[in-house]
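In: When you get a sec, could you give me coordinates for this:
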Amino acid sequence: MPPVTTLRHPDRRFTAVALLVILAMLLAGAVVFVLRNTAGTPTAAAAPVKAHKLTKGSHAHGYVIGGEWFGTWKTPDGTGFCIEFDKDHPNSSGAAPLPGRVPGMSAEESARVKYVANHYGRTTSKVDAAAAAIYVWKTQRTKRFDTFYAKLVKKGKISAAIRARVTQISAEAANHGPYKLSMTMGSGVVGQSVTGAVTVKAQNGKVVSGRSVVLTAKTNATLVKQDKLSNTKGRVGFTVKVSKVGSVRVDAKLVTPAAGGVWITRPSSGHQRLVLAGTATESAVATVATLRSVNGPSLSSACAADCAGAAPVTVQASNPCGAATLREIVYVNGTALAGGTVDVPACKTVKKSFTIADGAAVTSRFCYLDGAGTCMAAPVANAGALSVECPALPAYRFSATCPCGGDRAITYEVQVPAGSRRSYTATLTVKSANGSTWTRSAVLATGGGWQALPTAALADGSTATLTVTVLGKTRTLDRLTEAG
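Out: Numbers count the residues shown, from 1 in each chain. Predicted structure coming up:
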């Protein structure tokens, strides 16, 4: 490419016929170019093709170094970079999308140059513009440019800042799109802050720094903060605060210029083409969702022998640090127990007992409290339930006859506790002084009436024992010993 101070003009000695021939050639070349670059790509074929009178490109941002322009060029079609150093300064009579390869480059080289055109074609940094222009020409690897550039470097004409940016842009372009996102996130309960990260990777699988990702807390949380750009590990960290019970979902979206969105100019013969920054974008998206179940309270009960048909049920619950105050609500047979709430502040474990009747089904639900001490949302059922097992012992009575000179006859009567639906079995065992045993059992009928067991003879030295079995446990109700 000659120095920027040199412009080529048509020879005034050209005849009108020659001008007409050249114009026809230009028009034919433009038609061939458009057909070549749009065939086989439906999306590109649908894109508009810009056309206008032939105009010269003008300098946008960059430097004149060694008599050449190193930087971006501006045309009516946009701004971008020269791709053919061996030709004259760029001009353009229009532009069209460039869905395929950049002329003279491989598919990978084209993808990298398109990345540079999209990301630096509109830069206002002179250093970046010059470095990007050098990168594009170096990628095309023309002998004339390589020789010319090597001489400039040797003479110290290319600043260290520009050379450093060429290296950086080269590494950056290697990590071009399409990009992929992956996400991780911890889990928490209402009120807790949860951290997560989005990782950005290029098409080559390497992590990419310097990318801005849009994060949205979609369900049951609010976004508290996030990193502005991906770091050297390609990660964008973020924090959300859990606001409701349920799965917490966070969406991520990365929007970047689309490689297929660049344009290429239509110059006149002998002039350089420009690869222009496009306006089309492409998106990479990812979603992460986590759910931390509240550790349901432990429900336990202990039944003493004299429990009278009710047992203390102990509710114990813990609440992690950072959470809103947790409220556990006790339900008995599906109905909230009066006074049956256990409020658990963050970082605390609270234990509370309630007396609940035998046979009752105990469940619990939870909610988180707001500043006014009311549930933020409808209580949510905890997993698990407890059936209270502490049946009351049946009542009993006995009568005895004592014939002179004979064994005493005893009769026991037993009554199932009123309202109990438990199955009771009463057993009367008589053990004589000589070790022999007499046993009678009866399953007690519910309904509240007295039920007599068979009459037993109690000889001198014998012992009578009345027991009852319920829920697989046998307990002694009475014991008599005949002393004579």
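
In: which secondary structure element contains L54?
Out: strand 50-56 (DSSP states H and E).

In: Quick one: mean pLDDT for that strand?
Out: Averaging pLDDT along strand 50-56 gives 82.

In: what sits up against that strand?
Out: Residues from elsewhere that reach strand 50-56, judged by C-beta atoms under 8 Å, 6 or more residues apart in numbering: 7, 75-77, 89-96, 263, 268. Where you see a C-beta, it was placed from the backbone N, CA and C, and this is true even at glycine.

In: Stretch 352-365 spans what distance, first to last residue?
Out: 15 Å (C-alpha to C-alpha, to the nearest Å).

In: how about low-confidence regions in the stretch 201-350 of the chain?
Out: 305-306 (pLDDT under 70).

In: Please read the previous query as pertaining to the stretch 351-484 of the chain.
Out: In the stretch 351-484 of the chain (pLDDT under 70), the answer is 403-406, 484.

In: Contact partners for C390?
Out: Contacts of C390 by C-beta under 8 Å, 6+ apart are S301, C303, A304, C307, G309, A310, A311, D358.

In: among those residues, which are in strands?
Out: Cross-referencing the contacts of C390 against strands under DSSP state E gives S301, A310, A311.

In: Hmm, the second one is touching D358, no?
Out: Yes: in this structure, A310 is within contact of D358 by C-beta atoms under 8 Å, at 6.3 Å.

In: which neighbours do the two share?
Out: V388, C390.

In: And the two? Which one has more around it.
Out: D358 (24 against 19; other C-beta atoms under 10 Å).

In: measure the more buried one to K201 for me?
Out: Going from D358 to K201 by C-beta to C-beta, to the nearest Å gives 62 Å.

In: Equivalent analysis for I65, please.
Out: 36 Å.

In: mind listing what the nearest residue to G447 once chain neighbours are set aside touches?
Out: Leaving aside its chain neighbours, G447 sits nearest to V416 (7.3 Å; criterion: C-beta to C-beta, 6 or more residues apart in numbering). Applying C-beta under 8 Å, 6+ apart, we find V416 in contact with P394, R422, Y424, L444, A445, T446, G447, G448, Q451.

In: the strands in the stretch 1-150 of the chain, which residues?
Out: 50-56, 58-65, 68-75, 78-82, 91-97 (DSSP state E, counting those that start in this stretch).

In: Serialize these to JSON lines and add fields for distance to R475.
Out: JSON lines is the format used below for these (distance: least, C-beta to C-beta, whole Å):
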{"stretch": "strand 50-56", "distance to R475": "98"}
{"stretch": "strand 58-65", "distance to R475": "96"}
{"stretch": "strand 68-75", "distance to R475": "96"}
{"stretch": "strand 78-82", "distance to R475": "94"}
{"stretch": "strand 91-97", "distance to R475": "91"}
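
In: could you show me where the helices are in the chain, in order?
Out: For the chain, the helices defined by DSSP state H occupy 16-38, 42-45, 107-120, 126-140, 143-154, 160-174.

In: Out of those helices, which gets the lowest mean score?
Out: Taking the mean pLDDT of the helices of the chain, helix 42-45 comes last: a mean of 35.

In: residue ranges for the strands of the stretch 201-350 of the chain, please.
Out: 214-219, 221-226, 235-242, 248-257, 263-265, 274-276, 281-290, 298-301, 310-319, 326-332, 335-344, 348-357.

In: between the contacts of strand 50-56, which has the most around it?
Out: Going by other C-beta under 10 Å, S92 tops the contacts of strand 50-56 with 28 neighbours.

In: Surely it and G57 touch.
Out: Yes: if you go by C-beta under 8 Å, S92 and G57 touch, sitting 6.5 Å apart.

In: Now do the shared contacts for these two.
Out: Common contacts of S92 and G57 (C-beta under 8 Å, 6+ apart): T75, T265, L274.

In: Report the beta-bridge partners for R408.
Out: L458 (DSSP bridges).

In: Let me see the contact set for it.
Out: Residues counted as contacts of R408 (C-beta under 8 Å, 6+ apart) are A400, T401, C402, A457, L458, E482.

In: for the contacts of V416, which one is nearest L152?
Out: R422 (100.3 Å; C-beta to C-beta).

In: Identify the residues contacting the closest residue to that closest one other than its chain neighbours.
Out: Spatial nearest neighbour of R422, excluding adjacent residues (C-beta to C-beta, 6+ apart): P391 at 4.6 Å. Each residue near P391 by C-beta under 8 Å, 6+ apart is listed here: G309, D358, G359, P417, S420, R422, Y424, V470, L471.

In: Hmm, T474 and L393 touching each other?
Out: No: using C-beta under 8 Å, L393 is not in contact with T474, being 11.3 Å away.

In: before we move on, back to that, in the contacts of V416, find the pair that's most separated.
Out: Going by C-beta to C-beta, the pair spanning those furthest: R422 and Q451, at 14.6 Å.

In: domain ranges for this structure?
Out: Domain assignment for the chain, taken from automatic domain parsing, gives 16-177+261-272, 180-260+283-290, 298-387, 395-481.

In: what's the spacing between T279 and V189?
Out: 45 Å.

In: Those two - which one has more neighbours?
Out: V189 (21 against 12).

In: Once you drop chain neighbours, what's closest to the more buried one?
Out: A323 (4.9 Å).

In: my guess is the one you found contacts L369, does it?
Out: No: the criterion here is C-beta under 8 Å, and A323 misses it with L369 at 10.5 Å.

In: quick one, which of the two is more surrounded?
Out: For A323 versus L369, neighbours defined as other C-beta under 10 Å are more numerous around A323 (21 against 18).

In: Give me the buried subset of the contacts of P391.
Out: Among the contacts of P391, the ones that count as buried by 16 or more other C-beta atoms under 10 Å are G309, D358, G359, P417, S420, R422, Y424, V470.

In: of all the residues you listed, which comes closest to T184?
Out: Of all the buried ones among the contacts of P391, T184 sits closest to G359, with 47.7 Å by C-beta to C-beta.

In: Tell me the spacing between the closest one and V416.
Out: Separation of G359 from V416 (C-beta to C-beta) stands at 13 Å.

In: got any residues that touch both of these two?
Out: What both G359 and V416 touch, as defined by C-beta under 8 Å, 6+ apart, is the set R422.

In: want to throw the contacts of V416 into a markdown table with distance to S193?
Out: Formatted as a markdown table, the contacts of V416 follow (distance: C-beta to C-beta, whole Å):
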| residue | distance to S193 |
| --- | --- |
| P394 | 57 |
| R422 | 50 |
| Y424 | 56 |
| L444 | 59 |
| A445 | 61 |
| T446 | 56 |
| G447 | 60 |
| G448 | 59 |
| Q451 | 64 |
